[in-house]
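Peer 1: Pasting the sequence and the predicted model now:
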Amino acid sequence: MAKVDTSLVAHLPLFAGVTPEALDEILREARSARYPKNSAIFEQGADAQSFFLLLHGHVRAAKTTPTGEQIVVRYVTPGETFGLAMAIGAARYPATAIAVDDSVVLIWPTSAWPRLVERFPSLAANTLQAVGTRLQESHTRILEMSTQQVEQRVAHALLRLAKQSGKKLDHGIEIDFPISRQDIAQMTGTTLHTVSRILSGWESQGLVESGRQRIILRDPHGIVVLAERSADSGAV
């Protein structure tokens, strides 16, 4: 495998506080892999044999409930880690990871984790910080599901995605990876019909523009107003 250029990853949160020499050693343990659009990187329930750093593309983490419902847990963007089952003491992956578009990842064997964190405490601290941030995000989403109307949950989901992967255009902010109305429904605990009705209404108001796996926030401030209105009213 070709050696990874450390200058491409040294600035990433995972390697904050890691010396160049240490980074070289950490990267020697990794291999790179490409995953085409819509391919599975790992499956929910499979043995957690590896952990990952996304270099290029986007990854959707989705969970299937015991009743067969699909829930989109989060989207992974370049520079983020995923598949960190070992960091939470899990032996199996709690969700399935799918490449949303053509993606490139670095992969470490889970067996290397104890050795790496013992030698490089910054790596452990940075990983735990990432896990903590995601737990907080999950807590926020649970509160939204419990206390907000579906329209406000959809508004919050779009704002999060735009903040995470928004691309500025002359006429708004585009979510910069393929995302469908069904994906939004699975993120917000509602149905495709409901999301389609909401987005169609917002389109007629000039708030959003949506097409096949494409969403543009034409009036981000208007979406913020919708999201904040629920926080003020406490509507359910």
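Peer 2: Alright, I've got the coordinates.

Peer 1: Show me what the helix or strand where residue 154 lies is in contact with.
Peer 2: Using DSSP states H and E, residue 154 sits in helix 150-165. Helix 150-165 is touched from outside by 58, 75, 77, 144-145, 148, 173, 175-177, 179, 184, 187-190, 194-195, 198-199, 208, 215, 217, 220, 223-224, 226-227, 229-231, 235, with contacts defined as CB atoms under 8 Å, 6 or more residues apart in numbering. (Each C-beta comes from the backbone N, C-alpha and C, glycine too.)

Peer 1: if you set the cut-off to 6 Å instead, what comes out?
Peer 2: 77, 144, 173, 175-177, 184, 187-188, 190, 194, 198, 217, 223, 226-227, 230 (CB atoms under 6 Å, 6 or more residues apart in numbering).

Peer 1: Flag every buried residue along that helix.
Peer 2: Neighbour counts over helix 150-165 (16 or more other CB atoms under 10 Å) mark 150-162, 164-165 as buried.

Peer 1: re the thing from before, which ones among the contacts of helix 150-165 map onto helices?
Peer 2: Using DSSP state H, the subset of the contacts of helix 150-165 located in helices is 144, 184, 187-188, 194, 198, 223, 226-227, 230.

Peer 1: Identify, from those residues, the entry nearest to residue 126.
Peer 2: Closest approach to residue 126 among the ones in helices among the contacts of helix 150-165 (CB to CB): residue 187, at 26.2 Å.

Peer 1: So for the closest one, what's the nearest residue that isn't a sequence neighbour?
Peer 2: The shortest distance from residue 187 to any non-neighbouring residue, by CB to CB, 6 or more residues apart in numbering, is to residue 72 (4.4 Å).

Peer 1: my read is the one you found is in a strand, agree?
Peer 2: Yes - counting by DSSP: H, G, I helix; E, B strand; the rest coil, one finds residue 72 located in a strand.

Peer 1: So what are the structural domains in the protein, by residue number?
Peer 2: What automatic domain parsing lists as the domains of the chain is 6-136, 148-228.

Peer 1: From residue 45, how far out is residue 85?
Peer 2: Distance, residue 85 to residue 45, by CB to CB, to the nearest Å: 11 Å.

Peer 1: Which of the two has more residues huddled nearby?
Peer 2: residue 85 (22 against 12; other CB atoms under 10 Å).

Peer 1: what's near enough to touch that one?
Peer 2: Counted by CB under 6 Å, 6+ apart, residue 85 has contacts 48, 93.

Peer 1: Now it, what are its backbone angles?
Peer 2: phi -60, psi -40 (degrees, to the nearest 10).

Peer 1: Sketch out the low-pLDDT regions of the protein for me.
Peer 2: By pLDDT under 70, the weakly predicted segments of the chain are 1-3, 230-236.

Peer 1: All the strands of it, residue numbers only.
Peer 2: For the chain, strands defined by DSSP state E occupy the ranges 31-35, 40-42, 50-56, 59-64, 70-76, 81-82, 96-99, 103-109, 166-169, 172-175, 208-211, 214-217.

Peer 1: Which of these sits closest to residue 132?
Peer 2: Of those, nearest to residue 132 by CB to CB is strand 81-82, at 12.7 Å.

Peer 1: what about the closest residue to residue 71 other than its chain neighbours, neighbour count?
Peer 2: Distances taken as CB to CB, 6+ apart place residue 63 nearest to residue 71, at 4.9 Å, with adjacent residues excluded. Neighbour count for residue 63, taken as other CB under 10 Å: 15.
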